[in-house]
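[1] only geometry, no sequence info:
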């Protein structure tokens, strides 16, 4: 596996995993599970920063901070800040494999 293929695999994993992680965050918010919100937001923050999805990373940083404090006041609004950025990023950054 060459470097370009490895990076494409990582990007494909990110574009697949990020929406699932966002759904997990939504569920955890609905269950008032600040610990799970913090853990997943931390992971998604780092992953999105790695791939240049900086608006998503910033939204996750804010959410992680709120959850770390043990409360989720205003947490549902995070989706409004993050979802449009994720959709645009995923469509513009989808890995393109060579045949």
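    All right, it came through fine. Worth saying up front: this structure is predicted, and the values here are computed from it rather than measured.

[2] what about residue 61, distance to residue 54?
    10 Å (CB to CB, to the nearest Å). Where C-beta positions appear, they are placed from N, C-alpha and C, glycine not excepted.

[3] next one: the longest helix seen in the chain to chain centre, how far?
    Secondary structure of the chain per DSSP state H: the longest helix is helix 3-30. Relative to its chain's centre, helix 3-30 lies at 7 Å (CA atoms, centre = their mean, to the nearest Å).

[4] residues of that helix that come out buried?
    8, 11, 14, 15, 18, 21, 22, 24, 25, 28, 29 (16 or more other CB atoms under 10 Å).

[5] Whichever helix or strand comes after that helix packs against which elements?
    Later in the chain than helix 3-30, the nearest helix or strand by DSSP states H and E is helix 34-50. Helix 34-50 makes packing contacts with helix 3-30, helix 54-68 when contacts are defined by 3 or more CB pairs under 8 Å, 6 or more residues apart in numbering; DSSP states H and E.

[6] Make a markdown table out of these and add mean pLDDT and distance to residue 45.
    Listed next are the helices and strands packed on helix 34-50 as a markdown table, based on pLDDT from 0 to 100; distance: least, CB to CB, whole Å:
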| stretch | mean pLDDT | distance to residue 45 |
| --- | --- | --- |
| helix 3-30 | 91 | 10 |
| helix 54-68 | 92 | 4 |
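
[7] Now do the contacts for the residue positioned nearest the centre of the chain.
    Centroid-nearest residue in the chain: residue 44, 3.7 Å away (criterion: CA atoms, centre = their mean). Neighbouring residues of residue 44 by CB atoms under 8 Å, 6 or more residues apart in numbering: 18, 21, 22, 25, 56, 57, 60.

[8] Please name the residues that touch the closest residue to the last one other than its chain neighbours.
    Going back to what we said before, that points to residue 60. Distances taken as CB to CB, 6 or more residues apart in numbering place residue 45 nearest to residue 60, at 3.6 Å, with adjacent residues excluded. The contact partners of residue 45, by CB under 8 Å, 6+ apart, come to 57, 60, 61, 64.
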